[in-house]
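1. Structure for the following, please:
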Amino acid sequence: MADAKPAPVALVTGGAQGIGRGIVQWLLIRGWRVAIADIDSEAGEECLQIFSDYQDAVTFIECDTSQEASVQACLAATLETFQRLDGLVNNAGIANPLNDPVETLSLDYWNRILSTNLTGYFLMAKHAVPSLRQSQGAIVNIASVRAFQSDPHQEAYAAAKGGIVSLTHALALSLGPAVRVNCISPGWIVVSDWKKASERQEPDLREVDQVQHPAGRAGRPEDIAAMVEFLLSADKAEFITGQNVVIDGGMNRKLVYAE
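-> Model prediction:
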């Protein structure tokens with residue numbers, strides 16, 4: 001009898017809270033082994049307790065994705081624990097989209113957002129590629145609808161998210177056919193109840209917050225996680241690469257003017 005194929009391994013950056021934690025949970029339930037990479041050690045250790053039923057399939061690695069040495073150490077720790085890598089989910093980032101008006105926006109803040117929200121994706125891909133080539137794996141980058149739509153004073157965040165979309169199709173062409181690379185751009189995803197205990201809150205949504213979406217509700221981490229699993233899957237998505245999937249409940253299709 002042939003040896004059983006080992007369970008696939010995913011590395012999820014920013015995996016200790018919010019959308020990232022939803023992705024981790026979704027993959028664990030469906031038989032993946034998962035390395036959670038996050039700069040917040042408190043949130044990471046809490047995740048290990050939350051996912052204690054999967055203790056042999058999950059590990060936490062403290063990682064600052066904007067620092068190349070930290071990224072290299074994270075990949076090394078993942079491979080030491082699981083001996084392979086089948087999927088990279090680039091999700092880590094500074095979530096606040098607002099910045100000062102452009103005429104007073106500091107270069108330090110601009111660089112901080114770009115280094116975490118964009119350069120970190122490049123660094124993780126750079127150092128994950130050798131292992132992903134071996135496994136014929138995939139990368140899923142988490143961007144945002146703010147790559148295409150903005151409110152005032154979101155220059156740094158929007159630029160980073162737009163860069164992620166462009167980085168995705170560039171990597172897809174460079175790494176194919178061995179490694180597929182796709183992107184997801186979430187809209188409004190409610191994550192207040194997916195944070196670490198010290199910051200967790202029950203969602204506080206008005207009816208208008210829900211019904212303004214053509215889909216009838218705001219998003220949940222599971223909405224993103226299901227697409228991540230699909231795009232990571234070689235047998236389901238092997239002909240999909242270089243694409244950006246918008247998941248926003250249909251909001252990007254609404255024509256809205258001031259009343």
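
2. so what's Gly219 closest to, chain neighbours aside?
-> Ranked by CB to CB, 6 or more residues apart in numbering and with sequence neighbours excluded, the top spatial neighbour of Gly219 is Ile189, at 4.1 Å. Glycine gets a C-beta too; all of them are placed from N, C-alpha and C.

3. got it, and Thr65?
-> Spatial nearest neighbour of Thr65, chain neighbours left out: Gly120 (3.2 Å); criterion: CB to CB, 6+ apart.

4. was I right about the one you found contacting Gly93?
-> Yes. Under the criterion of CB atoms under 8 Å, Gly120 makes contact with Gly93 at 7.3 Å.

5. Which one's more surrounded, those two?
-> Set Gly120 next to Gly93 and count neighbours by other CB atoms under 10 Å: Gly120 wins out with 29 against 26.

6. contacting residues around the more buried one?
-> For Gly120, the contact set (CB atoms under 8 Å, 6 or more residues apart in numbering) comprises 13, 65-66, 71, 90, 92-93.

7. Just say helix, strand or coil for it.
-> helix (DSSP: H, G, I helix; E, B strand; the rest coil).

8. Next, find the distance separating Ser249 from Trp26.
-> Quick fix: residue 249 reads Gly, not Ser. 19 Å (CB to CB, to the nearest Å).

9. The two - which one has more neighbours?
-> Per other CB under 10 Å, whichever of Gly249 and Trp26 has more neighbours is Gly249, with 22 against 19.

10. How confident was the prediction at the more buried one?
-> Per-residue pLDDT puts Gly249 at 93.

11. Over to Leu205?
-> 86.

12. cool, Asp151 as well?
-> Note for Asp151: predicted pLDDT of 87.

13. Check Val190 too.
-> With respect to pLDDT, Val190 has a value of 93.

14. Then Val256?
-> We have a pLDDT of 79 for Val256.

15. That one - that's part of a strand, no?
-> No. Using three-state DSSP, the assignment for Val256 is coil, not a strand.

16. and stretch 214-222, average pLDDT?
-> 93.

17. start to end distance for that stretch?
-> By CA to CA, to the nearest Å, the extent of stretch 214-222 from end to end equals 18 Å.

18. What residues sit buried inside it?
-> 218-221 (16 or more other CB atoms under 10 Å).

19. mind giving me TSV with the residues you listed and columns for distance to Gly20 and secondary structure?
-> Output for those, formatted as TSV (distance: CB to CB, whole Å; DSSP: H, G, I helix; E, B strand; the rest coil):
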residue	distance to Gly20	secondary structure
Ala218	18	coil
Gly219	14	strand
Arg220	14	coil
Pro221	8	helix
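
20. Looking at those residues, which is nearest Ala76?
-> When the buried residues of stretch 214-222 are ranked by distance to Ala76 (CB to CB), Pro221 comes first, at 28.3 Å.

21. CA atoms of the helix or strand where Val129 lies as PDB?
-> Val129 is part of helix 120-135 when elements are defined by DSSP states H and E. The C-alpha coordinates for helix 120-135 follow below in PDB (Å, rounded to 0.1, in the frame of the first residue of the first chain):
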ATOM      1  CA  GLY A 120       6.000  42.200   3.600                       C
ATOM      2  CA  TYR A 121       4.100  40.300   0.900                       C
ATOM      3  CA  PHE A 122       7.100  40.500  -1.500                       C
ATOM      4  CA  LEU A 123       9.500  39.200   1.200                       C
ATOM      5  CA  MET A 124       7.200  36.300   2.200                       C
ATOM      6  CA  ALA A 125       6.800  35.300  -1.400                       C
ATOM      7  CA  LYS A 126      10.500  35.600  -2.100                       C
ATOM      8  CA  HIS A 127      11.500  33.200   0.700                       C
ATOM      9  CA  ALA A 128       8.500  30.900   0.300                       C
ATOM     10  CA  VAL A 129       9.000  30.300  -3.400                       C
ATOM     11  CA  PRO A 130      11.700  27.500  -3.200                       C
ATOM     12  CA  SER A 131       9.400  25.400  -1.100                       C
ATOM     13  CA  LEU A 132       6.300  26.200  -3.000                       C
ATOM     14  CA  ARG A 133       8.000  25.200  -6.300                       C
ATOM     15  CA  GLN A 134       8.800  21.800  -4.800                       C
ATOM     16  CA  SER A 135       5.200  21.300  -3.700                       C
END
